[in-house]
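**Student:** structure for this input, please:
(one chain, ligands or ions: 1)
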Amino acid sequence: MVLGDLGSKLSATLQKLSRTTVLSDEAIDECLKDVAKALLEADVNVRYVSELRSAIRNQLRLDEALAAGTNRRRFIQQCVCNELSKLLTPDRKPIKFQKGKCSVVMFVGLQGSGKTTTCTKFAVHYQRKGWKVALVCADTFRAGAFDQLKQNATKVRIPFYGSYTETDPVVIASEGVAAFRKDKYDLIIVDTSGRHKQETALFEEMQQVEEVVSPDDVVFVMDSHIGQACYDQAKAFADAVKVGSVIITKLDGHAKGGGALSAVAATNSPVIFIGTGEHFDDFEPFSAESFVSRLCGLGDISGLVSTINEAMPLDKQPELMGRLSKGMFTLRDSRPWQRGVFAIHHMYLYTESFSCAAVSVRASFPFQYHLRHLLHLFLCLCLVPGQFTLTMWYRYIYGVSMSIRRRVVQIIVSWKTCLISSLSFCILTVLLPSPIIQVCCVVHVVLHLLFPHLWH
Ligand SMILES: Nc1nc2c(ncn2[C@@H]2O[C@H](COP(=O)(O)OP(=O)(O)OP(=O)(O)O)[C@@H](O)[C@H]2O)c(=O)[nH]1
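**Tutor:** Residues are numbered from 1 along each chain as shown. Just a heads-up that it's a prediction; the model follows:
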């Protein structure tokens, strides 16, 4: 999970509060101190941390007016989440593009922040929705920038515009945008050179590009590793051009990520996507509530629902709803959905949302501690072989009585299945490093090897 470090510290703090027997003022103070410490360590700007702390304090003062029976611990956890969400939700709403109306988006940011890669990811995201998308390379500063964009665009089959001979980015940008506008593209994405706030000439050039292409949105691309320096850099860009959205990149590494909060505050613009890897699929739409909820370990049911909506083949949904309403939903029915989840590489998010949701019912469900592992196990059994049904359990039991000779023959016959499922489990063990899963995986692989006929 992105921002894993900050997330685990925040959820540990909030869980510590839930375990406190007497919820005294000291316990609350200590909780707020731990939250502030976790945020500071994650490079969140000092000013915002102290603002957040006093905002939570103010909300807690209202606590006295709470109706009897309200769970104070839950209320405090909710306050922390709400205030963090507020920090990530500026007044300005994300700009909505319309298919059929030609929109231009200009990408700006520091050198090496990941603009060119993010431009392609952004283009791919809209291309998959059926939009007509094009890329323009207005980066003449870095040698090889055009080649990089050309390579990326060719790989994903998106038309592009750039020049090896023209050195003026303003000319390239205006020619490229005019050409694609003429061809009625839905979305034209302009990549610009990376620059630093001290480079006045490059800043002026960026303003000139903005003037000629008149973008509908200017996206500030920020590397999540830059830490406390982020606020000043983001502010310099926001003062120079009309930044309307932010994309945070490289959240897959060891980034502390608190800079995201600073970038939002400095530009007063929402984070629209996050980059979580070098591949074009490593790109996630950003929702402040879901993000903060997962960060605080409170589960993300709305995220799970939207993931399911994305993953489930649309033509299967009415049929599925019908079966659900008749109480006829079986493991077999959930299979296309599971495969869909795999297909869009959301497995991690999916299990994460589930397990977080399990943690959130901790108070009301006595076996909740094991629920998280059971859910992982369930997913592991259902998802990986993609063939598991309840009847398999019975076949396991009957398989034990088979003769050794038949077992050996079966193993030889179905070695491919064994190999694939063993490899799948090894990958799963790496993805979900929980001891129970590891034991289950080993047992499962052994059973596969001993009774391979069960998978036919
Ligand atoms: N791990 C990781 N790497 C990324 C991500 N986004 C981009 N990168 C890598 O960061 C490096 C720089 O990315 P570029 O897209 O070339 O950056 P740029 O902002 O266009 O660079 P300039 O044009 O010099 O300003 C490349 O090696 C990318 O593969 C991300 O989300 N995660």
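**Student:** can you name the residues that contact the residue of the chain found nearest the ligand?
**Tutor:** Closest contact between the chain and the ligand, by C-beta to the nearest ligand atom, is at Gly194 (2.1 Å). Where you see a C-beta, it was placed from the backbone N, CA and C, and this is true even at glycine. Each residue near Gly194 by C-beta atoms under 8 Å, 6 or more residues apart in numbering is listed here: 109-113, 115, 139, 141-142.
**Student:** quick check: residues of the protein near the ligand?
**Tutor:** 109, 111-117, 139, 142, 145, 148, 194, 249-250, 252-253, 275-278, 282 (C-beta under 6 Å from any ligand atom).
**Student:** show me the residues you listed that map onto strands.
**Tutor:** Counting by DSSP state E, the residues of the chain next to the ligand place 109, 249, 275 in strands.
**Student:** count the neighbours of the closest residue to the last one other than its chain neighbours for me.
**Tutor:** Setting aside the residues directly before and after it, Gly275 is nearest to Thr249 in space (C-beta to C-beta, 6 or more residues apart in numbering), at 3.7 Å. Here the number of neighbours of Thr249 (other C-beta atoms under 10 Å) works out to 28.
**Student:** now Gln59
**Tutor:** Gln59 has 16 nearby residues by other C-beta under 10 Å.
**Student:** name the SS class of it, please.
**Tutor:** In three-state terms, and counting by DSSP: H, G, I helix; E, B strand; the rest coil, Gln59 is helix.
**Student:** quick one: contacts for it?
**Tutor:** Gln59 neighbours (C-beta under 8 Å, 6+ apart): 79, 82-83.
**Student:** are any of the residues you listed buried, and if so which?
**Tutor:** 79, 83 (16 or more other C-beta atoms under 10 Å).
**Student:** could you pull out the strands for the stretch 201-350 of the chain?
**Tutor:** Assigned by DSSP state E, counting those that start in this stretch, the strands in the stretch 201-350 of the chain fall at 217-223, 243-249, 271-275, 283-285.
**Student:** what residues does the first one touch?
**Tutor:** Translated: strand 217-223. 95, 97, 103, 105-110, 112-115, 118, 122, 210, 230, 233-234, 237-238, 241-250, 259-260, 263, 267, 269, 272.
**Student:** tell me the strands beside it, with direction?
**Tutor:** Note on strand 217-223: by DSSP bridges, its sheet partners are strand 103-109 (parallel), strand 243-249 (parallel).
**Student:** just the helices in the stretch 1-150 of the chain please.
**Tutor:** Secondary structure of the stretch 1-150 of the chain (DSSP state H, counting those that start in this stretch): helices at 4-19, 25-41, 46-61, 72-88, 115-128, 145-155.
**Student:** thought the residue nearest to Gly275 was touching Ala263?
**Tutor:** No - assessed by C-beta atoms under 8 Å, Thr249 is found out of contact with Ala263, at 11.1 Å.
**Student:** out of the residues of the chain next to the ligand, which are buried?
**Tutor:** 109, 113-117, 139, 145, 148, 194, 249-250, 275-277, 282.
**Student:** follow-up on the earlier one: distance to Val177 and pLDDT for the ones in strands among the residues of the chain next to the ligand - can I get that in a markdown table?
**Tutor:** A markdown table is the format used below for those (distance: C-beta to C-beta, whole Å; pLDDT from 0 to 100):
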| residue | distance to Val177 | pLDDT |
| --- | --- | --- |
| Gly109 | 19 | 90 |
| Thr249 | 24 | 88 |
| Gly275 | 24 | 87 |
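**Student:** pLDDT wise, what is Cys137 at?
**Tutor:** On the pLDDT scale, Cys137 is placed at 92.
**Student:** just the CA trace of stretch 135-145, in PDB.
**Tutor:** Listed next in PDB are the C-alpha coordinates belonging to stretch 135-145 (Å, rounded to 0.1, in the frame of the first residue of the first chain):
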ATOM      1  CA  LEU A 135       0.400  13.600 -27.100                       C
ATOM      2  CA  VAL A 136       2.600  16.700 -27.900                       C
ATOM      3  CA  CYS A 137       6.200  16.900 -26.800                       C
ATOM      4  CA  ALA A 138       7.100  20.500 -26.000                       C
ATOM      5  CA  ASP A 139      10.200  19.500 -24.100                       C
ATOM      6  CA  THR A 140      13.200  20.700 -26.100                       C
ATOM      7  CA  PHE A 141      15.400  21.200 -23.000                       C
ATOM      8  CA  ARG A 142      16.300  17.600 -22.300                       C
ATOM      9  CA  ALA A 143      18.000  15.600 -25.000                       C
ATOM     10  CA  GLY A 144      16.100  12.500 -25.600                       C
ATOM     11  CA  ALA A 145      12.800  13.800 -24.200                       C
END
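**Student:** list the contacts of that stretch.
**Tutor:** For stretch 135-145, using C-beta under 8 Å, 6+ apart, the contacting residues are 111, 115-116, 119-120, 123, 146, 149-150, 152-153, 158-162, 166-170, 172-173, 176-177, 180, 188-195, 202, 209.
**Student:** now that stretch: buried residues?
**Tutor:** For stretch 135-145, using 16+ other C-beta under 10 Å, the buried residues are 135-141, 145.
**Student:** among the residues you listed, find me the one that's closest to Cys440.
**Tutor:** Leu135 (45.9 Å; C-beta to C-beta).
**Student:** residues in a beta bridge with the closest one, which ones?
**Tutor:** Phe160, Ile189.
**Student:** pretty sure Phe273 contacts Ser287?
**Tutor:** No - under the criterion of C-beta under 8 Å, Phe273 makes no contact with Ser287, lying 10.6 Å away.
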